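Enquirer: pasting the sequence and the predicted model now:
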Amino acid sequence: MSIDKETARRVAKLARIAVPDDHLDALAGEFNAILGFIEQLQQVDVDGVEPMVSVTPMRLKRRADVVTDGNQPKAVLANAPDAREGFFSVPKVVE
Amino acid sequence: MTDLTQLTISTARDALRAGDLSAIDLTEAHLTAIESAGALNAFVHHTPEIARKQAADADVRIKAGDAPAMCGIPIGVKDLFCTKGVASQAGSHILEGFKPEYESTITTQLFDAGSIMLGKLNMDEFAMGSSNETSTYGNAVNPWKAGNSDAELTPGGSSGGSAAAVAAHLCLGALGTDTGGSIRQPAAFTGTVGIKPTYGRCSRWGVVAFASSLDQAGPMTRSVRDCAIMLEAMAGHDPKDSTSADLAVPDFEAMLTGDIKGQTIGIPREYRMDGMPEEIETLWSQGTQMLRDAGAIIRDISLPHTEYALPAYYVIAPAEASSNLARYDGVRFGHRADIGPGDGITEMYEKTRAEGFGPEVQRRVMIGTYVLSAGFYDAYYNRARKVRALIKRDFETVFADGIDAILTPATPSSAFELGSMTDADPIQMYLNDIFTVTVNLAGLPGIAVPTGQDRRGLPMGLQLIGRPWEEGALLNVAQCLEDRAGFVAQPAKWW
């Protein structure tokens, strides 16, 4: 498996990280080094093995489906880079 | 008492209870030590006002009697923990200015027990690193020096600030977190003790997430006893963390008899790596002999999937990180990039994340994105999770076979020079976690104990791995190793 410049560009796009065009080749090289390392996993016989989903075998707790929190819009918005009139503000999304 | 920073948690607790010491004096001594230790860059946000207030409250409580063990004890808090009204940046530029409106469960428990927060500690960005060199605050520096060399050494990572602060006596204990070795490797590099508890023992609520199925918080201290005391205050069920275990927390300190007669200690042959420095190999043999001398039965064991742990980790951890770090988008908290004319929300996300994340975090988020993307999910992510199941099974097999604890090296080397890995392939840095990462994948408790020094005088540690939920028994084996090793060296003060 080898990652080329175009794949690196696509991955950066999916991850929503702006990567300048002249860095993509170097990035692809780094990906290839790491994926080469990960490639060892192909040597393991995993036939009949279930993928691990839970670290400790325990049933997740349940609770009543009721509101337990709320009514603190000021605290919610306190760290926002741009909050207006009780809302998070972002660049125009819908034309 | 001349130098209050020479106390441990247990000796300070006893002195506080006996009325020989006040929490205020203990706190002032440490605030003074921190002020003169800027060169270590361990504390990155200082909270002396909070500390003095908490100390005054602790003194009242202690005087009234019946104060918990951690009451009046000054600690440092890794920057990964959300602390109400106090900067909590996870060592990242993207969380610059972020002051949580809430307190993490672990710091809440410690403060309720009367502990005193001196400030926030340096760390690798989002806990991704093994040398504290990916931090937005710059490097934390190891108080230890190699022989007569003046070169600055890494305190390890990601809990590098925590390790440096404890080793330099800037606090009595510190909070760390461990996703692949981030408590145990820095502990080994600084001659301190650090335990990663069983996954689910300590609540993750309010701890900035890196890889949720691997992350676990733990204490870093200067003795095994202190680790036991601090862990007990941190542990316990939390309804706000669905993976936190609803199990009673034992009195860990009461379990420290140091007697391990008749216990069976496993020595895994797969941890004997090619190219391992002779000094680490020797240390491991010496540690084995110490436990044998203490009456333990030593048995060679096999954990056959060990060599696949790091590759599995470097699929699973980045995959979870790519999902967890999706929240840093410049909308709700932290940094937002300036956008240009015509830029929409996608450009805002992309520029914010490019500016806010450092290179190692970007690399891991993108690797995670790749291994989870359509067409590769089965080949990488699912396969890694299957290998993880096999690694866990390896441990279950030896424990079922009568092994009480496993002894391994903690790290493949002693502390290295800051900057020495800059031009190396990222994989070279990842190899630091080769002995510790299996424990996170299997969800087990593991502890690093300082056991010796290399020929340049740098501390070296061994790791003990225990059965799930049996931190008490594990701490007791660690106590035995600590007693026998008699590690008392301290770094000579240069800062």
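Expert: Structure's in. What do you need?
Enquirer: pull the contacting residues for residue 85.
Expert: Just going to use chain A. Residue A:85 makes no contacts at all, as judged by Cβ atoms under 8 Å, 6 or more residues apart in numbering or on different chains. Bear in mind the C-beta positions are built from the backbone N, C-alpha and C, glycine included.
Enquirer: try again with chain B
Expert: Listed by Cβ under 8 Å, 6+ apart, the contact set of residue B:85 reads B:99, B:100.
Enquirer: against residue B:103, how distant is it?
Expert: Separation of residue B:85 from residue B:103 (Cβ to Cβ, to the nearest Å): 9 Å.
Enquirer: and what of residue B:60?
Expert: 21 Å.
Enquirer: residue B:132 too?
Expert: Using Cβ to Cβ, residue B:132 is found at 25 Å from residue B:103.
Enquirer: between those two, tell me which one has more neighbours.
Expert: Between residue B:132 and residue B:103, counted using other Cβ atoms under 10 Å in any protein chain shown, residue B:132 has the larger neighbour count: 35 against 21.
Enquirer: can you tell me the closest non-neighbouring residue to whichever residue of the stretch 151-300 of chain B sits closest to chain A?
Expert: Relative to chain A, the nearest point of the stretch 151-300 of chain B is residue B:199 (4.4 Å; Cβ to the nearest Cβ). What sits nearest to residue B:199 in space, not counting adjacent residues and going by Cβ to Cβ, 6 or more residues apart in numbering or on different chains, is residue B:443, at 3.6 Å.
Enquirer: rewinding a little: would you confirm that the residue of the stretch 151-300 of chain B closest to chain A contacts residue A:58?
Expert: No. Here residue B:199 does not reach residue A:58: they are 10.5 Å apart, not a contact under Cβ atoms under 8 Å.
Enquirer: OK, contacts around the residue nearest to the spatial centre of chain A?
Expert: With distances taken as Cα atoms, centre = their mean, residue A:15 lies nearest the centre of chain A, 6.9 Å away. Residue A:15 sits next to B:322, B:353, B:362, B:365, B:366, B:369 when contact means Cβ under 8 Å, 6+ apart.
Enquirer: can you put those residues in a markdown table and add secondary structure?
Expert: Output for the contacts of residue A:15, formatted as a markdown table (DSSP: H, G, I helix; E, B strand; the rest coil):
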| residue | secondary structure |
| --- | --- |
| B:322 | helix |
| B:353 | helix |
| B:362 | helix |
| B:365 | helix |
| B:366 | helix |
| B:369 | helix |
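Enquirer: so which of these wins on neighbours?
Expert: Busiest of the contacts of residue A:15 [other Cβ under 10 Å] is residue B:365, holding 28 neighbours.
Enquirer: please report the distance of it from residue B:349.
Expert: 12 Å.
Enquirer: and what about residue B:279, helix, strand or coil?
Expert: Following three-state DSSP, residue B:279 is assigned to helix.
Enquirer: now do the same contact list for residue 4.
Expert: All of this is about chain A. Applying Cβ under 8 Å, 6+ apart to residue A:4 gives the contacts residue A:28.
Enquirer: that answer is for a different chain, and I need it for chain B
Expert: By Cβ under 8 Å, 6+ apart, the contact list for residue B:4 reads B:12, B:21, B:25, B:26, B:29, B:30.
Enquirer: from chain A, how far off is it?
Expert: Distance, residue B:4 to chain A, using Cβ to the nearest Cβ, to the nearest Å: 37 Å.
Enquirer: can you give me the pLDDT of residue A:74?
Expert: Looking at residue A:74, its pLDDT is 95.
Enquirer: quick check: it is in a helix.
Expert: Yes. Remark: residue A:74 belongs to a helix, assigned using three-state DSSP.
Enquirer: okay, now the unreliable bits of the chain?
Expert: Since you didn't name a chain, this refers to chain A. A:1 (pLDDT under 70).
Enquirer: actually, chain B is the one I wanted.
Expert: Where chain B drops to pLDDT under 70, the residues are B:1-2.
Enquirer: please enumerate the strands of it.
Expert: Applying DSSP state E to chain B gives strands spanning B:43-46, B:74-78, B:116-121, B:173-178, B:193-196, B:216-221, B:264-268, B:297-301, B:405-409, B:446-453, B:459-466.
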